[in-house]
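> got a predicted structure plus its sequence, pasted below:
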Amino acid sequence: MSFRIFLHSVRLVLSQLVSALKISGALYALSLLVTVIAAMSQARLTLAGEVPIGWQTVVGAVVTCALYIWTAVGWHRFVLLDEEPGLVLPNFHGHRLLAYLGRTLQIALIGMLVAGFFGFVAVLLAFLLGPVASLLVALVATIAMLLVSFRLAPLLPGAAIGQKVDLRDAWESTQLANGTLVGLALIAGVAVAAVDMVSAAVTALPGPMVWVGMAMFAITGWFKLMVWVSIITTIYGVYVEGRRLR
């Protein structure tokens, strides 16, 4: 089931490529532009011998996060409600974007609490039993954080389409899917690592291949974003709405 969800999410982007580009293309390009401007501003100050001002990075991160949320809401609504996007941008639903931001922060906070607990245990075991035990706990912590995030993932599409899905609803709807969601996290993680390794290898080549590698990072970054949002959408569709995978 893990691989079926992952494969369905990939096919969802590829089969609806035109709509995916309408929803996310311009917003993703703008996010790249904002990131580049912020990085260049920091680099310019560093080369001039000045202390970089962190606000450029903060502003860039906030704008990029907002653009990603707009993209995610547009894609959720397209897949789950058949809401067609505009010519170059998804429809703007301000209240849905704010609800999505709130749910994202909620999941992030819970994930950090889980990671913090296991981090404390890892440090304790490192003193008592050595680094190997600490590494094992760190691995368990990563899996636990991903599992909790996926178990709560239905909160996000619910916020995007205006359905009242609270923490209890999300947790209960995925209560029988622990194994599937852990497997899904591992598959997605391996896929992302493999894609990034290829892009990094190309970037490390001399000459113009550096630019080819950077272009690959940009393109695969868009694809990873859309597949990730599609995974969350699929989890909602399967475990909350009871949809069947094709």
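Received, thanks.

> not counting sequence-adjacent ones, nearest residue to Leu32?
Ala218 (6.1 Å; Cβ to Cβ, 6 or more residues apart in numbering). Glycine gets a C-beta too; all of them are placed from N, C-alpha and C.

> helix or strand: which one has the one you found?
For Ala218, the host element (DSSP states H and E) is helix 209-239.

> got it, and Val88?
Counting by DSSP H and E, Val88 is found in no helix or strand.

> pretty sure it sits against Leu21.
No: taking contacts as Cβ atoms under 8 Å, Val88 lies outside contact range of Leu21: 9.0 Å.

> now the helices for this structure?
2-15, 17-47, 55-81, 94-128, 131-151, 155-161, 167-173, 178-203, 209-239 (DSSP state H).

> how about residues contacting the first one?
It refers to helix 2-15. The contact list for helix 2-15 (Cβ atoms under 8 Å, 6 or more residues apart in numbering) reads 20, 79, 179-184, 186-188, 191, 223, 226-227, 230-231, 233-235, 238, 245-246.

> could you tell me how far it lies from the centre of the chain?
Between the centre of helix 2-15 and the centre of its chain there are 15 Å (Cα atoms, centre = their mean, to the nearest Å).

> highest mean neighbour count out of the helices of the chain?
helix 155-161 (a mean of 25; mean count of other Cβ atoms under 10 Å).

> can you name every helix or strand that that one contacts?
Contacts defined by 3 or more Cβ pairs under 8 Å, 6 or more residues apart in numbering; DSSP states H and E place helix 155-161 against helix 55-81, helix 94-128, helix 167-173, helix 209-239.

> now the angle between helix 94-128 and the first one, please.
Spelled out, it's helix 55-81. 110 degrees (axes from the mean of the first three to the mean of the last three Cα atoms, to 10 degrees).

> what's the angle between helix 55-81 and helix 2-15?
100 degrees.

> hey, least reliable of the helices and strands packed on helix 155-161 by pLDDT?
Looking over the helices and strands packed on helix 155-161, mean pLDDT reaches its minimum on helix 94-128, with a mean of 84.

> how far off centre is that helix?
14 Å.

> picking up where we left off before, my guess is the residue nearest to Leu32 meets Thr35, correct?
No: judged on Cβ under 8 Å, Ala218 makes no contact with Thr35 at a distance of 10.0 Å.

> quick check on Pro154: phi, psi?
phi -60, psi -20 (degrees, to the nearest 10).

> separation between it and Phe6?
17 Å (Cβ to Cβ, to the nearest Å).

> likewise for Leu184?
Distance from Leu184 to Phe6, by Cβ to Cβ: 6 Å.
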